[in-house]
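**Student:** model this:
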Amino acid sequence: MGFSSPLPEHFLQRMSQKDRAMLGKGGLTVAEAAEAAQKRPEREEQRTFARELNRLDLPFYWHRTDKRTGATLGVPDFIVGVGGVTLWIEFKAPGGALSLEQTKFLIRLGRQCLALYVCRSAAEAIKLILKEKRSPGDMPVPELPQGNET
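**Tutor:** Modelled structure (predicted):
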């Protein structure tokens, strides 16, 4: 037997995470549902940005943001190498704020004179990248090691 309508918020708040998970989307509190809705456009902006980084042939790291990962808590969504610098970029939907762990990581970056860029859209992040991008002739290219030459 299932429920034909969502449970009241005060019921959901008293249920365990495990029990609420069995209800699927109907087991989300109002705050959790709002957060999930906010993350959908955020992930889409991240995908757009990742496609552009690939098109520009830039090295980057993008960890999963839809599930818990083994990444260090608070690490931003993207780490991008461009123009001889490394950019730490966190995506937030409009109105979104850094979590406590992300704020702690921001402080750690600041202690090393490194910046965290919070971008609200792929377009904003792409502008940041293009500002740092230099022409390929500006940077020395290391030689790749050859096979054993004994």
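**Student:** make it CA atoms for all contacts and neighbour counts henceforth
**Tutor:** Noted.
**Student:** For the residue nearest to the spatial centre of the chain, which non-adjacent residue is closest in space?
**Tutor:** Nearest to the geometric centre of the chain sits residue 77, at 2.5 Å (Cα atoms, centre = their mean). Counting by Cα to Cα, 6 or more residues apart in numbering, residue 77 lies nearest to residue 90, which is 5.0 Å off, once chain neighbours are set aside.
**Student:** Kindly confirm my reading that that neighbour is in a strand.
**Tutor:** Yes. Per DSSP: H, G, I helix; E, B strand; the rest coil, residue 90 lies within a strand segment.
**Student:** residues touching residue 129, list them.
**Tutor:** residue 82 (Cα atoms under 8 Å, 6 or more residues apart in numbering).
**Student:** one more time with 10 Å
**Tutor:** 52, 53, 56, 58, 80, 81, 82, 83, 87, 123 (Cα atoms under 10 Å, 6 or more residues apart in numbering).
**Student:** Kindly report the same for residue 42.
**Tutor:** 36, 65, 91, 92, 93, 94, 96, 119, 120, 121, 122.
**Student:** Recalculate using a threshold of 8 Å.
**Tutor:** Residue 42 neighbours (Cα under 8 Å, 6+ apart): 91, 92, 93, 120, 121.
**Student:** could I get those as CSV with distance to residue 107?
**Tutor:** Output for those, formatted as CSV (distance: Cα to Cα, whole Å):
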residue, distance to residue 107
91, 17
92, 18
93, 21
120, 20
121, 23
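**Student:** Relative to residue 146, which of the residues you listed is nearest.
**Tutor:** Nearest to residue 146 out of the contacts of residue 42 is residue 91 (Cα to Cα; 39.4 Å).
**Student:** Would you agree the closest one is in contact with residue 77?
**Tutor:** Yes. Counting by Cα atoms under 8 Å, residue 77 is a contact partner of residue 91 at 6.6 Å.
**Student:** how about residue 112, phi and psi?
**Tutor:** Phi and psi for residue 112, reported as degrees, to the nearest 10, are phi -100, psi 20.
**Student:** related to what we said a few turns ago, list buried members of the contacts of residue 129 by neighbour count.
**Tutor:** For the contacts of residue 129, a neighbour count by 16 or more other Cα atoms under 10 Å gives the buried set as 52, 53, 80, 81, 82, 83, 87.
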